[in-house]
Every structure is written in structure tokens, then in C-alpha cells.
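# The following block contains a protein sequence and its predicted model.
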Amino acid sequence: MVIVMTPEATAEDVARIVEKVESVGGEAFVSKGVVRTIIGLVGDIDSFHHLNLRGMAGVGDVHRISDPYKLVSRQHHAGRSTVWVRGVPIGPDTFTFIAGPCAVESRAQTLEAAEMAKAAGATLMRGGAFKPRTSPYAFQGLGVEGLEILSSVREATGLPVVTEVVDARDVAVVAEHADMLQVGTRNMANFGLLQAVGESGRPVLLKRGMTATIEEWLMAAEYIAQRGNLDVVLCERGIRTFEPATRNTLDISAVPVVQATSHLPIIVDPSHAAGRKDLIVPLSRAAIAVGADGVIVDVHPDPESALCDGPQALLGADLRALAQAVRQLPPMVGRVDASTLSRTPVVPR
């Protein structure tokens, strides 16, 4: 069961509901988004019906949910949600372009990549300070030094930062430097990490696990929402199949399926799906056409020397082609550039 609070509901209204639910042996999980607060109830449904929850102060509506993911389900939402990242929206009315280096290697490299991304129209910057790699001998990222570089590049460019956190113990330090926390494909089922980012106070970008079903993916998002954070953006980045022609198989159908099932925004990562730069623009066009809320791509000033995922990084003509696609195609499907709807100026903090 889910209780949707009104926009005018106070903290005291929420506390009274939690107390009442707990008085009959139930559990109440409070999740706060930018414009709404939702309380997910776990326990005996019949006992909840006798509490007259609809009549309590601050309650907008009460729903009985059949989906196992109660808080991220669309069953109790009239429409889909927008997540704001320091004034930049990701949601159903906009198309958000996120770009930057897969890995932070140096300040000069990160700054140049960020300037390339901004010139191409990106409104958020991606960059990895911590890199979970298949091989323990591969470049693992600069860690805290990389976070400090990202902070300085944000000050120089004004682009809010999206970066990955791979360990629950690092959530606090990553949240100190980043505007949005990314949970990567390898950590989608790291439930301790999901709970920690849910408590971080930052928006979360949740990538789909490489072998995860859509339901498993949404259940992972539920872990974050259950810890009080509804500002979650899902990212389809390709799943592992038998086909070796691409790094992963981009499940483009996941976009409309998720949008019909969950109120959370969903973006596409064509870079990690394809693993090769010649497919990034076609896959981005497909993501726009199918209704994705944005794309996140890799750019690098010198892909041949990149310490991580150089073959999929864009620059030059490829990046210009992508910039043209993200500028021209979204209006054809009823989207506007996210930068035109920024709620607050994107300035250094």
C-alpha cells in the first residue's frame, strides 16, 4: 500500500501517519521527491484499512499496489516524474544530454572533455573517479583525486557532475563532490550500496545490470526509494546476450516498457552498449525516437590514449553529428532541450 501526500503536507503530518501505521505492527518507508512525498506501507493490508488513512491531514490519496516495487511503480502516479540535478531537469518533457570522459585521467584531459561536451550541447558532465573494471590490472580510477578534479572542472564549466560510486563506504565523499551519484551495472544488485545512496541526499543514476530483467532493475530502484530518495533516474546500457558484434545488446524496448511501468525517468547509454564509436550516433537517434529522457555518452580529447574505453569515445566529426542529432530530433517527438527549462542557474557552488 502507498500513501501519496499532498504538496502542502508537513513533516508532522508524515510523522503522525508513520506512528499510526507502526501502532498496528506495520512498517512505513518515507520517500521524498522534489514535488511529492510518498509513504510505502509494509504489513497487514486489512489492519491498514481500519486506520482511516485517507482522512488524515496531508494525505492526498491511498493506493493498494500489486507491483512488488511499490514506490517506483506508476500505479499511484498520474504521470511520470522529473528529477532535477542542480537545476537541470531529467524527465518526460525534456531531453537531457550528458557527456564527458569515461574515466578522469588528469585535470587537463577532464577539462578539455568537459568543454567538448558543453560545446556539443551537454548540460550535465559525466566522469569516473572510481572505475570498477573486469580486470584487477586495469586502470581503477584516481579516486578522491579524481573527485577533486571533477569539482574543479565543474567550477570552470558550470556543468553539474555525475560520477560513479562503487563502495558504500565512499558514498559520503563522493556525494561531497558530485551532484548526482551513479550506480553502475556491476553494482545494480549491491543492496548495501543502493541503501547508502538512497540516504545520501543526492539524485541517483541507476544503470541496469548486464543480466538483469526489468523487474529486477526496478526492484533495485525500490531499494533506493525505500531509503527516502525518489530522485532516481534509470539508465539502459545494454544487456549481455549471445551476440558478439557489439559489446552489449542495447534493449531499446526497455524504454517504453519502463515508462509504462514506472514513473522514474529513463535515459540510454549507447557508448557502453555498443563499445564502438561508429554506433553511438545511430543508437542515440533510436533512443530519441523511442522516447528516452536523455542519453549519456563518452567523449575524450584523445581516444587513442584513453585509459578506459577509448574505442567508444567521441570527438570531432562524430561528436558534431551527435550534437546535431540531440539538437534537431527531440523536438520531433515533443521534447525540448533540458537547458531551456533549468529551474536555477547552473553555476559553481
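Yes, it's here. Numbers count the residues shown, from 1 in each chain.

# Quick check on Gly25: phi, psi?
Per-residue torsions, Gly25: phi 90, psi 10 (degrees, to the nearest 10).

# residues touching the nearest residue to it once chain neighbours are set aside, list them.
Spatial nearest neighbour of Gly25, excluding adjacent residues (Cβ to Cβ, 6 or more residues apart in numbering): Gly43 at 5.9 Å. Quick note: C-beta positions are derived from backbone N, CA and C, even for glycine. Neighbouring residues of Gly43 by Cβ atoms under 8 Å, 6 or more residues apart in numbering: Val21, Val24, Gly25, Gly26, Glu27.

# what stretches of this protein score poorly on pLDDT?
For the chain, the stretches with pLDDT under 70 are 339, 341-349.

# in the stretch 201-349 of the chain, which spans are helices?
With helices called from DSSP state H, counting those that start in this stretch, the stretch 201-349 of the chain shows them at 214-226, 254-261, 270-274, 280-290, 316-328.

# For this structure, which residue occupies the most central location?
Geometric centre of the chain, nearest residue: Leu205, 2.2 Å, by Cα atoms, centre = their mean.

# Buried deepest among the helices of the stretch 201-349 of the chain, which one?
Of those, the one with the most neighbours on average (mean count of other Cβ atoms under 10 Å) is helix 270-274, at a mean of 25.

# Could you give the separation of it from the chain centroid?
On the basis of Cα atoms, centre = their mean, to the nearest Å, helix 270-274 sits 16 Å off its chain's mean C-alpha point.

# just checking, what packs against it?
Here helix 270-274 touches helix 280-290, strand 294-298, going by 3 or more Cβ pairs under 8 Å, 6 or more residues apart in numbering; DSSP states H and E.

# List of residues touching that helix?
When contacts are defined by Cβ under 8 Å, 6+ apart, helix 270-274 is touched by residues 102, 185, 236-238, 246-250, 279-280, 283-284, 287, 295-298, 309, 312-314.

# quick one: which of the contacts of Gly43 sit in helices?
Taking DSSP state H, the ones among those that sit in helices are Val21.

# Could you pick out the buried ones from the contacts of Gly43?
Buried subset of the contacts of Gly43 (neighbour count, 16 or more other Cβ atoms under 10 Å): Val21, Gly26.

# from the contacts of Gly43, which single one is nearest Val258?
Closest to Val258 out of the contacts of Gly43 is Glu27 (26.6 Å), distances taken as Cβ to Cβ.

# you'd agree that closest one is up against Leu41?
Yes: counting by Cβ atoms under 8 Å, Glu27 does reach Leu41; the two are 7.2 Å apart.

# what touches both of those two?
Shared contacts of Glu27 and Leu41 (Cβ under 8 Å, 6+ apart): Val21.

# Now do stretch 26-42: distance to the chain's middle.
19 Å.

# Stretch 16-27 too?
Relative to its chain's centre, stretch 16-27 lies at 31 Å (Cα atoms, centre = their mean).

# how close does the residue lying closest to Ile266 once chain neighbours are set aside sit to His63?
Spatial nearest neighbour of Ile266, excluding adjacent residues (Cβ to Cβ, 6+ apart): Leu234 at 4.4 Å. Leu234 sits 21 Å away from His63, going by Cβ to Cβ, to the nearest Å.

# More neighbours: which of these two?
It is Leu234, of Leu234 and His63, that has more neighbours when counted by other Cβ atoms under 10 Å, with 26 against 15.

# List the residues that contact that one.
Leu234 is in contact with Leu206, Arg208, Trp217, Leu218, Ala221, Val258, Ser262, Leu264, Pro265, Ile266, Ile267, counting by Cβ under 8 Å, 6+ apart.

# right, and the pair among these with maximum separation?
Greatest spacing in the contacts of Leu234, by Cβ to Cβ: Leu218 and Ile267 (15.2 Å).

# What about the closest residue to Asp231 other than its chain neighbours? Give its phi and psi, please.
Excluding the flanking residues, the one nearest Asp231 by Cβ to Cβ, 6+ apart is Pro203, at 4.1 Å. Here is the backbone geometry of Pro203 (degrees, to the nearest 10): phi -60, psi 150.

# count of neighbours near Pro203?
Using other Cβ under 10 Å, Pro203 is surrounded by 27 other residues.

# what's the distance between it and Gly33?
For Pro203, the distance to Gly33 equals 10 Å [Cβ to Cβ].

# what's the overlap in contacts for those two?
Residues touching both Pro203 and Gly33 by Cβ under 8 Å, 6+ apart: Val83, Asp231.

# Distance of the residue lying farthest from the centre of the chain relative to Asp44?
Within the chain, the residue lying farthest from the chain centre (Cα atoms, centre = their mean) is His50, at 37.5 Å. His50 sits at a distance of 10 Å from Asp44 (criterion: Cβ to Cβ).

# domains of the protein?
Following automatic domain parsing, one finds the domains of the chain at 2-63, 83-341.

# ok, back up a step: need the helices of the stretch 201-349 of the chain in JSON lines with distance to Asp170, can you?
JSON lines is the format used below for these (distance: least, Cβ to Cβ, whole Å):
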{"stretch": "helix 214-226", "distance to Asp170": "16"}
{"stretch": "helix 254-261", "distance to Asp170": "28"}
{"stretch": "helix 270-274", "distance to Asp170": "21"}
{"stretch": "helix 280-290", "distance to Asp170": "29"}
{"stretch": "helix 316-328", "distance to Asp170": "31"}
